[in-house]
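Enquirer: here is a sequence together with a model predicted from it:
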Amino acid sequence: MQPQSASVLSVCIITPCSLCLYRSQSASVLSVCIITPCSLCLYRPQSDSVLSVCIITPCSLCLYRPQSVSVLSVCIITPCSLCLFRPQSASVLAVACQSCVLIWHVEPTSLATRPSTSSCQVLQQNHHAPVTCLAWDPSGRTLLSASPVDTSLMAWDVPMETYVPLRRLGGGGVSLLRWSPDGSKVFSATPSQLFRVWETKTWTCEVWTKCTIRCKAACWSPDGRTLLIATENEPIIYSLTFSTNMDDTSTVIGGSQSAVVSVSLAEVDLKTEDGETTKVGGVFQSMVMDRHGERLAVTLHDVKGQVLPYIALFKTRTNPMLEITPCGLVQGETGEYPLQVSSQPSFDRGALLSVVWSSGALRYVPLYFIPCDEIQNAQYHQPAPPTLNGNILSPIARHT
């Protein structure tokens, strides 16, 4: 189903090499042939539409636009591992490749099935390969790229094709990047137990070194005050809190001295509605928080590395203090497990998850709720009851 749209588009995977799209209003069926199932879902900035990205072969990338029902096939020179749209732009796509970063300028309204070579920029630096991590700042002005074998982060000015290396010794390269939604901080994990949090005014950083093993997953709260992290072999979410009392000239990050255990997902037995007992829990694979900071979606894997066939959901609050409460599980069809989970950045009725499953299916999971800030604003702006000479007038009619 297309979110915030009057038309319904149901997506049905017919075979591993065919995708059937059915439009309920026009009763028309469009069959799009792809070589492999969908493996990644991206939202275009400033748009409610979804662009599902299907990695076809190590040398090509298929972009599918649900609204225009068109397929854009882009030839990639080297294998790619990640792609991200530039914030505030619906046409600039950064692709992390084996030896460089490709910047594709894809015109959203173009009917061309393959862009010309002039629409691509190549950002490349010696010894900065393979590129496996990318992060745009929320304004779209700076792109960070990282490699697990290079100790430097590269801060790119994309239009000028210039960069500034951000180098700190210790920990090896960079295996994970997360830019805070408020733009003030960047989390970078290394292949070792060490991770850093950078402030983005003068690019100084604070270091944490007491993890038992490397960080596997991380996400920021919308206000940039709270960082959630999970390590590679523990069923635990840790949290770090950061000061928000910094002025415009401050370069102090203000992070807490040590991470606090916030959630444990050690394996437990859970009874289902059918009366059966199932085991729930495992090690964290990935996590994503909605734009309101009130829902957290987590994927897990077992001790053997097999991804578990469900998504764990949590209710969260970050103000005045962090609260995380389990609230449910999302399962796919029999035999499916989640590959990638993302949250629509502009859904205004709660949170909307887009889940890519191992079968290649892309499905939406709406989580309807009224955000706390909207409730507080409604209470704040509620008009006071009418008064007369200091006495509150009752809305209840008087009976004689």
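Expert: All right, it came through fine.
Enquirer: just the strands in the stretch 101-250 of the chain please.
Expert: Secondary structure of the stretch 101-250 of the chain (DSSP state E, counting those that start in this stretch): strands located at 101-105, 120-123, 133-136, 143-146, 152-157, 162-167, 176-179, 185-189, 195-199, 205-208, 215-220, 226-231, 236-241.
Enquirer: and if you look at the stretch 251-400 of the chain?
Expert: Going by DSSP E, counting those that start in this stretch, the stretch 251-400 of the chain shows strands at 260-264, 268-271, 277-280, 283-289, 295-301, 307-317, 323-331, 338-343, 350-357, 362-368, 387-388, 391-392.
Enquirer: comparing those strands by mean pLDDT, which bottoms out?
Expert: In terms of average pLDDT, strand 391-392 trails the rest of those, at a mean of 52.
Enquirer: thought residue 88 was touching residue 141?
Expert: No: contact criterion C-beta atoms under 8 Å: residue 88 and residue 141 do not qualify, at 9.1 Å. C-betas here are computed from N, CA, C, even on glycine.
Enquirer: just put the strands of the stretch 251-400 of the chain in CSV and tack on distance to residue 152.
Expert: What follows is the strands of the stretch 251-400 of the chain, written out as CSV (distance: least, C-beta to C-beta, whole Å):
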stretch, distance to residue 152
strand 260-264, 31
strand 268-271, 43
strand 277-280, 41
strand 283-289, 25
strand 295-301, 30
strand 307-317, 32
strand 323-331, 34
strand 338-343, 28
strand 350-357, 32
strand 362-368, 36
strand 387-388, 66
strand 391-392, 66
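Enquirer: who touches the nearest residue to residue 281 once chain neighbours are set aside in this structure?
Expert: Once flanking residues are discounted, residue 281 sits nearest to residue 267: 3.7 Å by C-beta to C-beta, 6 or more residues apart in numbering. For residue 267, the contacting residues are 235, 279, 280, 281, 282, by C-beta atoms under 8 Å, 6 or more residues apart in numbering.
Enquirer: switch to 10 Å and redo it
Expert: 235, 279, 280, 281, 282, 283, 300, 302, 303, 308 (C-beta atoms under 10 Å, 6 or more residues apart in numbering).
Enquirer: how much space between it and residue 341?
Expert: 21 Å (C-beta to C-beta, to the nearest Å).
Enquirer: residue 316 now?
Expert: 15 Å.
Enquirer: quick check: residue 314 touching residue 287?
Expert: Yes: the criterion here is C-beta atoms under 10 Å, and residue 314 meets it with residue 287 at 9.2 Å.
Enquirer: joint contacts of those two?
Expert: In contact with both residue 314 and residue 287: 237, 263, 296, 297, 298, using C-beta under 10 Å, 6+ apart.
Enquirer: how many residues are close by the second one?
Expert: Neighbouring residues of residue 263 were enumerated by other C-beta atoms under 10 Å; the total is 22.
Enquirer: what's near enough to touch the nearest residue to it once chain neighbours are set aside?
Expert: Of all residues not flanking residue 263 in the chain, residue 237 sits nearest, at 4.1 Å (C-beta to C-beta, 6+ apart). Residue 237 sits next to 217-219, 228-231, 259-265, 284, 287, 296, 298, 314, 324 when contact means C-beta under 10 Å, 6+ apart.
Enquirer: next helix or strand past the strand or helix carrying residue 81?
Expert: Per DSSP states H and E, residue 81 falls inside strand 80-85. For strand 80-85, the succeeding helix or strand toward the C-terminus, using DSSP H and E, is strand 92-97.
Enquirer: I'd like the average pLDDT over that following strand.
Expert: 88.
Enquirer: can I get that strand as CSV, trimmed to CA atoms?
Expert: C-alpha atoms of strand 92-97 as CSV (Å, rounded to 0.1, in the frame of the first residue of the first chain):
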residue,chain,number,x,y,z
VAL,A,92,21.2,12.9,-5.8
LEU,A,93,22.2,9.4,-4.7
ALA,A,94,25.5,8.5,-3.1
VAL,A,95,26.7,4.9,-3.7
ALA,A,96,29.5,3.3,-1.7
CYS,A,97,31.6,1.2,-4.0
